[in-house]
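*Asks:* From the sequence below, what's the structure:
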Amino acid sequence: MARLVYETTDPEFAEKALAAMREHSIPCYRVGHGYSNAFAAFTRGLPTESQICLYIEQDSDYVAANRILIGLGAVVEKAIPAWAYVAFAVFAAFAVVWVVLGTK
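*Replies:* A predicted model of the protein is given here:
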């Protein structure tokens with residue numbers, strides 16, 4: 001089953017990434033067109049934007065594909081730290097108590 005490894009609107013980056021993964025014998029493909037001015041006439045001069053999704057065909061290639069993408073300059077999303085979840089939960093609990101007590 002195919003696995004999504006990256007999304008971008010940059011067709012040049014997508015092509016570089018696919019070429020690099022294929023050089024490392026990682027079966028992969030893309031879906032989508034990316035950023036385009038081709039339909040500007042239909043959108044009143046505004047450029048259109050579409051995601052390009054990069055997929056690998058084998059889960060066992062996921063780590064190698066990610067290393068290649070990061071090496072090419074892919075954006076890495078950072079995980080939300082645990083303290084942020086705790087702070088949100090405390091704030092939400094405080095807000096609920098404040099609303100309940102304020103309505104009496």
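*Asks:* average pLDDT for the helix or strand encompassing Phe88?
*Replies:* Assigned by DSSP states H and E, Phe88 belongs to helix 82-102. For helix 82-102, the per-residue pLDDT values average out at 88.
*Asks:* What is that helix packed up against?
*Replies:* Using 3 or more CB pairs under 8 Å, 6 or more residues apart in numbering; DSSP states H and E as the contact test, no helix or strand touches helix 82-102. Any C-beta I mention is one placed from the backbone N, CA and C, and that applies to glycine too.
*Asks:* count of neighbours near Pro27?
*Replies:* Look at Pro27: counted by other CB atoms under 10 Å, it has 12 neighbours.
*Asks:* And Ala14, by the same measure?
*Replies:* 21.
*Asks:* ok, and what's touching the helix or strand of the chain with the lowest mean pLDDT?
*Replies:* Taking mean pLDDT, DSSP states H and E as the measure, the chain has helix 82-102 as its least confident helix or strand, at a mean of 88. Counting contacts by CB atoms under 8 Å, 6 or more residues apart in numbering, no residue outside helix 82-102 touches it.
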